[in-house]
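> task: produce atomic coordinates for the following.
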Amino acid sequence: MAAKVVTVAFEGVEARRVDVEVQLTSGQQIFVIVGLADKAVAESRERVRGAFAGLGLSLPGKRIVANLAPADMPKEGTHFDLPIALAVMAAIGVIPQDALDGWAAMGELSLDGRIVPAAGALPAAMAAGAMGLGLICPEASGPEAAWAGGTRILAPRSLVSLINHFRGSQVLSAPSPGPVIEGERGKDLRDVKGQEHAKRALEIAAAGGHNLLFVGPPGSGKSMLAQRLPGLLPPLTSTELLQTSMVHSVAGLIARGALTRARPFRSPHHSASMAALTGGGHKAKPGEVSLAHNGVLFLDELPEFGVQALDSLRGPLETGEVMVARANAHVRYPAKVQLVAAMNPCRCGHGGAGRGYCGKAPRCQRDYQGRVSGPLMDRIDLSVDMPAVTAADLALPPPTEGSAEFAARVARARQLQIERAEALDSPESLNGRAEGAFLDRIVAIDEAGRALLTRAAEAGKISARGWTRVLRLSRTIADLEGADSVRRVHVAEALAHRRSAAPGEDVAPSFGQPVF
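Numbers count the residues shown, from 1 in each chain. Here you go, the predicted structure:
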């Protein structure tokens, strides 16, 4: 006797079809799972055996073979428990074999027969719908799977309720999608006194999705400003919400199907490894750069991160995706993030002047800042030197403009970008990711601005990549002003935010002038 149930295996945020085939044959009583299964999948036989015992059922005294096809695709995770159990029950006649036609299944089993949540319900439901199937998933995962739209969802609490549903003695109702959380109100820019130049850079970065670096001594407000960036960003669009939620679903970060329109803000500790930042590990889970997809990745104390970990971000910042290469598979995760970083000018914190003057300057600055590679720095659009906050700054009254006023200007600038992208049929709307012919068409730069940019390039102040990023930044500055064309003043402000010192160049004995 044989039975088959459809399930999925995850490759990044994509769910691939897997057929669970169970066959009962005469011979030694044994339960075997084949098909390139990892240890968690191999242990399913014991969880299935225990769940059956919890229901008062026993496995037949035959040889049971569960084949996970295609056999050359790696299978990982505990969500194979439920489809294996359903195929066994269909094979021994507990449920009709045709009852499983038109359904895929995923979920972990407890030893008392309950079906407990497993990560990946949303992409599994999306894949099932694409195959023309419904999805059977745990009750706790039902609200998450229901976000897949037209896919039929069954979300039983236990194997008993699922058996009763298939036998017709109980009817399971379809779950409703979980709530949409707009997100908590972020911290306000009114809390930051002084640093008007840095606030301007933060506004530009928010408007165009540009990468940003704050450099300054301890207590100058670098982290405060970075933590207030989410309050300037518009909520996720419907498409972005689905994309971001797919990554969070695979990572097991969605609770009871609740999705949030607030853009992700991930702030890993500087001890994070390369796998923690870009993804990987035994099961190739998404890293921080993917968990921040469509949001912000904040790296505080930038030079304290491992050199290899930082350089692993160079590709994702350019392409918007991460490819995790493993011996038997290549896993792709989306990683369109806005990088915001903060660092001190040197290890002692204060640089070459001011309070706490570094007696080792400029060598201390050169060595410390040299831990961040030039190619990574070339991918940062805005770099802001922040002096120490003085007593006079702290004595000032709260600023007249807060996050609400900044966010309104950012929203207007982003709306201009969206309308422009729709008119030109571009998949990318933000200036921070514009490239090629689309970038050439949206940057109508005047002759004076182009001449200034050309002189900067000829003087070696910017690289070829820097040329493109200055154009993007200039377009965003013009959008904040509502200008149709990019003028020289916009190019000049964009160039002022680029780091132009060459690697190894001496640092002047004044605070904040970096060496890259």
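> which stretches of the stretch 301-450 of the chain have low pLDDT?
327-328, 351-359, 361 (pLDDT under 70).
> strands along that one, start to end?
321-325, 330-334, 338-343, 382-385 (DSSP state E, counting those that start in this stretch).
> check what pLDDT residue 514 gets.
Note on residue 514: pLDDT of 37.
> just residue 288 next, same as before
97.
> tell me the contacts of it?
266, 268, 272, 276, 277, 278, 297 (C-beta atoms under 8 Å, 6 or more residues apart in numbering). For glycine as for every other residue, the C-beta is placed from the backbone atoms N, C-alpha and C.
> 10 Å instead?
Contacts of residue 288 were listed using C-beta atoms under 10 Å, 6 or more residues apart in numbering, and they are 264, 266-268, 272, 276-279, 297-299, 313, 335, 337.
> list buried residues within those residues.
Buried members of the contacts of residue 288, scored by 16 or more other C-beta atoms under 10 Å, are 264, 266, 268, 272, 276-279, 297-299, 313, 335, 337.
> confidence-wise, which of the contacts of residue 288 comes last?
Lowest pLDDT among those: residue 279, 90.
> the contacts of residue 288 in helices, which ones?
276, 277, 278 (DSSP state H).
> farthest-separated two in the buried ones among the contacts of residue 288?
Greatest spacing in these, by C-beta to C-beta: 279 and 298 (17.8 Å).
> so residue 23 sits against residue 60, correct?
No. Assessed by C-beta atoms under 10 Å, residue 23 is found out of contact with residue 60, at 11.8 Å.
> off-centre distance for the helix ranked longest in the chain?
Secondary structure assigned by DSSP H gives helix 403-423 as the longest helix of the chain. Offset of helix 403-423 from its chain centre (C-alpha atoms, centre = their mean, to the nearest Å): 22 Å.
> again with stretch 8-26
The answer for stretch 8-26 is 27 Å, by C-alpha atoms, centre = their mean.
> can you pull the buried residues of it?
Result for stretch 8-26 [16+ other C-beta under 10 Å]: buried residues 8-15, 17-24.
> show the average pLDDT along that stretch.
Mean predicted lDDT for stretch 8-26 stands at 94.
> stretch 468-487 too?
What stretch 468-487 shows for mean pLDDT is 95.
> contact partners for the nearest residue to residue 407 once chain neighbours are set aside?
Using C-beta to C-beta, 6 or more residues apart in numbering and skipping the chain neighbours, the partner closest in space to residue 407 is residue 232 (4.8 Å). Going by C-beta under 10 Å, 6+ apart, residue 232 touches 186, 189, 199, 202-203, 205-207, 403-411.
> excluding sequence neighbours, find me the nearest residue to residue 479.
residue 413 (4.2 Å).
> can you count the residues close to that neighbour?
Using other C-beta atoms under 10 Å, residue 413 is surrounded by 23 other residues.
> I figured it hits residue 203, correct?
Yes. Using C-beta under 10 Å, residue 413 is in contact with residue 203, at 8.9 Å.
> shared neighbours of the two, anything?
Common neighbours of residue 413 and residue 203 (C-beta under 10 Å, 6+ apart) are 476, 477, 480.
> tabulate these (a markdown table), appending neighbour count and distance to residue 395.
Listed next are the shared contacts of residue 413 and residue 203 as a markdown table, based on neighbours: other C-beta atoms under 10 Å; distance: C-beta to C-beta, whole Å:
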| residue | neighbour count | distance to residue 395 |
| --- | --- | --- |
| 476 | 31 | 34 |
| 477 | 26 | 31 |
| 480 | 19 | 30 |
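> in a markdown table: those residues, plus distance to residue 39 and secondary structure.
Below are these laid out as a markdown table (distance: C-beta to C-beta, whole Å; DSSP: H, G, I helix; E, B strand; the rest coil):
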| residue | distance to residue 39 | secondary structure |
| --- | --- | --- |
| 476 | 49 | helix |
| 477 | 54 | helix |
| 480 | 54 | helix |
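> put together CSV for those, with distance to residue 390 on each row.
Listed next are those as CSV, based on distance: C-beta to C-beta, whole Å:
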residue, distance to residue 390
476, 30
477, 28
480, 28
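> list the buried residues for stretch 212-230?
By neighbour count on 16+ other C-beta under 10 Å, the buried set for stretch 212-230 is 212-217, 220-230.
> hmm, I typed the wrong one, I wanted stretch 22-42.
Result for stretch 22-42 [16+ other C-beta under 10 Å]: buried residues 22, 23, 24, 31, 33, 35, 37, 40, 41.
> how about the residues you listed, which pair is most distant?
Among the buried residues of stretch 22-42, 24 and 40 lie farthest apart (C-beta to C-beta), at 24.1 Å.
> ok, now how distant is residue 258 from residue 94?
35 Å (C-beta to C-beta, to the nearest Å).
> again with residue 168
From residue 168 to residue 94 the distance is 14 Å (C-beta to C-beta).
> the two: who's more crowded?
Neighbour totals were compared for residue 168 and residue 94, and residue 94 leads with 17 against 9 (other C-beta under 10 Å).
> report the secondary structure state of the more buried one.
Here residue 94 is recorded as coil under DSSP: H, G, I helix; E, B strand; the rest coil.
> mind listing what it touches?
Taking C-beta under 10 Å, 6+ apart, we find residue 94 in contact with 52, 55, 57, 85, 86, 88, 159, 163, 166, 167.
> among the residues you listed, which are in helices?
Using DSSP H, the contacts of residue 94 in helices are 52, 85, 86, 88, 159, 163, 166, 167.
> returning to that earlier point: just the ones of the buried residues of stretch 212-230 in helices?
222, 223, 224, 225, 226, 227.
> and the closest residue to the third one other than its chain neighbours, how far from residue 214?
So that's residue 224. Nearest residue to residue 224, sequence neighbours excluded (C-beta to C-beta, 6+ apart): residue 192, at 5.4 Å. The gap separating residue 192 from residue 214 is 12 Å, by C-beta to C-beta.
> shared neighbours, those two?
198, 202, 221, 224, 225.
> including distance to residue 132, could the residues you listed go into a markdown table?
Converted to a markdown table, these look like this (distance: C-beta to C-beta, whole Å):
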| residue | distance to residue 132 |
| --- | --- |
| 198 | 53 |
| 202 | 48 |
| 221 | 55 |
| 224 | 52 |
| 225 | 50 |
